[in-house]
Structures are given as structure tokens and as C-alpha cells.
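Visitor: Mind folding the following:
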Amino acid sequence: MKLPIFIADAFTARAFRGNPAAVCLIENKLDEDLHQQIAREMNLSETAFIRKLHPSDNFTESSCFGLRWFTPVSEVPLCGHATLASAAVLFHKIKNVNSTLTFVTLSGELKARRAEDDIVLDFPLYPAHPQDFHEVEDLIKTAIGDTLVQDIRYSPDTRKLLVRLSDTYDRSFLENLKVNTGNLLQVENTGKVKGLILTLKGQPGGQTQAFDFYSRYFAPWVGVAEDPVTGSAHTVLSSYWSQELGKKEMRAFQCSCRGGELKVSLRPGGRVDLRGGAAVVVEGTLTA
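Guide: Prediction:
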């Protein structure tokens with residue numbers, strides 16, 4: 001079996017930054033266990049599988065495809081950067097002729113459209129509700145010790161815990177914060193939390209570019225200690241910071257070692273546009 005495979009760095013305009021995702025193009029039905037085996041072999045935070053929905057479809061002219069995402073240990077219901085990477089492969093490498101692509105996924109239909117040099121993802125927006133500190137105190141203390149926390153929210157739709165750090169901290173503090181993910185599986189094993197978002201209010205630009213908010217994301221529960229840039233986390237972050245800042249258009253920066261930039265726009269009907277670039281850095285054939 002041979003499959004076309006690519007690696008694209010998402011939410012960045014430059015290679016070796018942003019979040020890398022593997023993208024496989026599936027002509028025919030793939031054995032179910034092969035999805036996970038390939039994702040484990042690629043060993044990236046996510047591997048995306050684009051499949052034709054009908055025998056007559058082709059990757060150049062069709063506008064609707066199936067899409068699934070796998071971490072090295074499990075399938076996930078939503079992944080932003082691997083969706084962006086998938087659209088980038090179809091637009092830039094396969095030369096798909098459409099301006100908008102529709103992906104049929106576990107999270108419903110998701111759209112990706114061309115926008116100059118970027119790609120805009122149309123994703124659902126997920127609210128986060130106030131969370132009692134004492135119920136998650138052990139998780140937070142294990143992850144970040146005595147770091148000051150300003151707010152805690154929980155998104156039941158995504159099972160993500162959002163922890164806002166004190167406004168007294170700046171971006172460099174979040175970038176350099178040592179987060180202990182090694183023991184989180186033992187501290188939280190109920191299945192309630194599948195991802196931990198640390199976020200911080202943005203600051204005026206000064207000598208650096210201004211962002212409305214910063215974040216880092218950790219998901220050891222699905223085999224990803226820290227994810228470089230996380231579109232699905234921004235479906236929660238966008239909802240939270242829109243309410244906090246009174247804005248519907250925002251710029252976000254994920255403060256991982258690789259770093260990544262997103263432009264977010266809230267839309268009617270509980271949707272959010274996530275805009276970013278992508279750079280395809282590997283093109284080849286998977287042989288199994």
C-alpha cells in the first residue's frame with residue numbers, strides 16, 4: 001500500500017514554526033487500525049486523513065471530503081491545525097480548484113476557504129463556564145504550582161479546562177513557565193478533562209506585535225504533552241476573551257517554543273473564523 005503523505009506547519013508563514021501535522025490522502029477505504037498505526041509512526045500531535053466521499057470524487061476538483069484526526073494514541077473529535085494543514089495541502093500542492101472546501105468530521109461540517117496567502121477555518125464556538133477551584137485544585141497545583149490564577153473556566157463540549165493566569169504576569173512569564181504534565185494523568189483520570197489551556201491577557205505592542213491574548217495548551221490525556229499551536233483550544237479561548245474584552249475580532253499568539261499566530265473573528269450562529277498561514281515542508285509517499 002502506498003499513500004501520498006505531507007507534513008505542513010500550520011498557523012505560521014514560515015517553515016519549522018507553528019504546529020506540524022501530517023496529512024494523508026486516502027483514495028480507497030483504509031483499514032481502521034492503520035489510521036492509528038500511521039499516526040503513531042508519524043509521532044506528531046496530529047495526523048489528518050482526507051478521504052473521498054464518493055468513488056467519482058477527485059482531490060483536484062471535488063470540494064467536499066471526509067476528514068479524521070489522530071494523535072499518536074487516539075482519535076480526536078476536533079483539530080484546528082491539522083484541518084488547516086489539510087486545506088493547505090489540497091490548495092497548494094494538489095492544486096484544488098475550489099475557493100472553499102468542506103470537511104465532514106466528527107464535529108460536523110467544517111469549512112476552509114482561501115484568503116489571500118492565508119486560510120480561514122469556519123469552526124464551532126464553544127462556551128466555557130465558571131469552574132469551582134477546589135474541584136480542580138490538585139490538577140492546577142500539579143501543573144503550575146503556586147502560579148497566581150485569576151479565573152478558571154470549563155468547556156464541557158470540548159472537555160478543556162481554561163486557566164487564566166494573573167494579569168500581573170507578562171508574555172515572557174507564560175513562555176518560560178515550567179509546566180508539569182508528567183503527573184496529570186494520575187491527578188485527573190475521570191475523563192472530565194482532556195486538555196489544559198493556560199491563557200493570559202495581551203499587552204500593548206510596544207516594540208513587539210500586539211496580541212489580545214496569549215496561551216499554551218497541554219493534552220497528555222491524548223498523548224500530547226504540549227501542543228505548539230491549537231485551533232481547537234481557540235474555539236474556547238475566542239469565546240472567553242470575546243466576553244472579557246468586548247471584542248469580536250482578535251489576534252492571538254500561542255507561546256510554545258515554535259509559536260503560532262491566529263486571527264479570530266466571531267460570527268453569528270455560534271461560529272468562529274480562525275485565520276492563519278501554513279507551510280508544506282515534506283512531500284512523499286507512505287509505504288506500508
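Visitor: Distance check, Glu41 against Val224.
Guide: According to Cβ to Cβ, to the nearest Å, Glu41 stands 16 Å off from Val224. Where C-beta positions appear, they are placed from N, C-alpha and C, glycine not excepted.
Visitor: Look at those two and report which has more neighbours.
Guide: Neighbour tally, Glu41 and Val224, criterion other Cβ atoms under 10 Å: the higher count belongs to Val224, 22 against 13.
Visitor: isn't that one right up against Thr71?
Guide: Yes: taking Cβ atoms under 8 Å as the definition, Val224 is a contact partner of Thr71 at 5.6 Å.
Visitor: just so I have it, where are all the helices in the chain?
Guide: 32-42, 80-88, 133-144, 171-176, 184-187, 231-245 (DSSP state H).
Visitor: so the last one versus helix 80-88, what angle?
Guide: Right, helix 231-245. Angle, helix 231-245 to helix 80-88, by axes from the mean of the first three to the mean of the last three Cα atoms, to 10 degrees: 120 degrees.
Visitor: which of the residues in helix 231-245 are buried?
Guide: For helix 231-245, burial by neighbour count (16 or more other Cβ atoms under 10 Å) applies to 231-242.
Visitor: And for Lys194, the neighbour number?
Guide: Close neighbours of Lys194, defined as other Cβ under 10 Å, add up to 17.
Visitor: Excluding covalently adjacent residues, which one is nearest to it?
Guide: With sequence-adjacent residues excluded and distances taken as Cβ to Cβ, 6 or more residues apart in numbering, Lys194 is closest to Arg159, at 4.1 Å.
Visitor: Could you check the pLDDT of that neighbour?
Guide: With respect to pLDDT, Arg159 has a value of 98.
Visitor: Let me know how buried it is, in neighbour terms.
Guide: 15.
Visitor: can you pull out the strands in the stretch 1-150 of the chain?
Guide: Using DSSP state E, counting those that start in this stretch, the strands of the stretch 1-150 of the chain run over 2-10, 19-26, 47-51, 64-70, 75-76, 100-105, 108-115, 118-124, 129-130, 149-155.
Visitor: for those strands, which one ends up most surrounded?
Guide: Highest mean neighbour count of the strands of the stretch 1-150 of the chain: strand 19-26, a mean of 25 (counted as mean count of other Cβ atoms under 10 Å).
Visitor: pLDDT below threshold where in the stretch 151-288 of the chain?
Guide: Scanning the stretch 151-288 of the chain for pLDDT under 70 picks out 205-208.
Visitor: Let's see that with 80 instead.
Guide: The stretch 151-288 of the chain contains residues with pLDDT under 80 at 204-209.
Visitor: for it, what spans make up the strands?
Guide: Taking DSSP E, counting those that start in this stretch as the test, the strands found in the stretch 151-288 of the chain are 160-165, 195-201, 213-219, 224-227, 249-254, 260-267, 271-276, 278-287.
Visitor: For my notes, please list those in TSV and give distance to Thr142 for each entry.
Guide: As requested, those are exported to TSV (distance: least, Cβ to Cβ, whole Å):
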stretch	distance to Thr142
strand 160-165	12
strand 195-201	10
strand 213-219	11
strand 224-227	14
strand 249-254	22
strand 260-267	26
strand 271-276	30
strand 278-287	34
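Visitor: and of those, who's closest to Leu110?
Guide: Among these, strand 271-276 comes nearest to Leu110, with 10.1 Å by Cβ to Cβ.
Visitor: hang on, the earlier thing: let's have the buried residues of helix 231-245 in CSV, adding distance to Arg164.
Guide: Below are these laid out as CSV (distance: Cβ to Cβ, whole Å):
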residue, distance to Arg164
Gly231, 19
Ser232, 18
Ala233, 13
His234, 15
Thr235, 16
Val236, 12
Leu237, 10
Ser238, 14
Ser239, 13
Tyr240, 8
Trp241, 9
Ser242, 14
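Visitor: Relative to Asn98, which of those is nearest.
Guide: Relative to Asn98, the closest of the buried residues of helix 231-245 is Gly231; by Cβ to Cβ it sits at 20.8 Å.
Visitor: can you pull the contacts of that closest one?
Guide: 10-11, 79-81, 83-84, 121, 123, 262, 274 (Cβ atoms under 8 Å, 6 or more residues apart in numbering).
Visitor: Is it correct that Ile7 is in contact with Val280?
Guide: Yes: using Cβ under 8 Å, Ile7 is in contact with Val280, at 7.4 Å.
Visitor: Since that was my last question, I'll sign off now.
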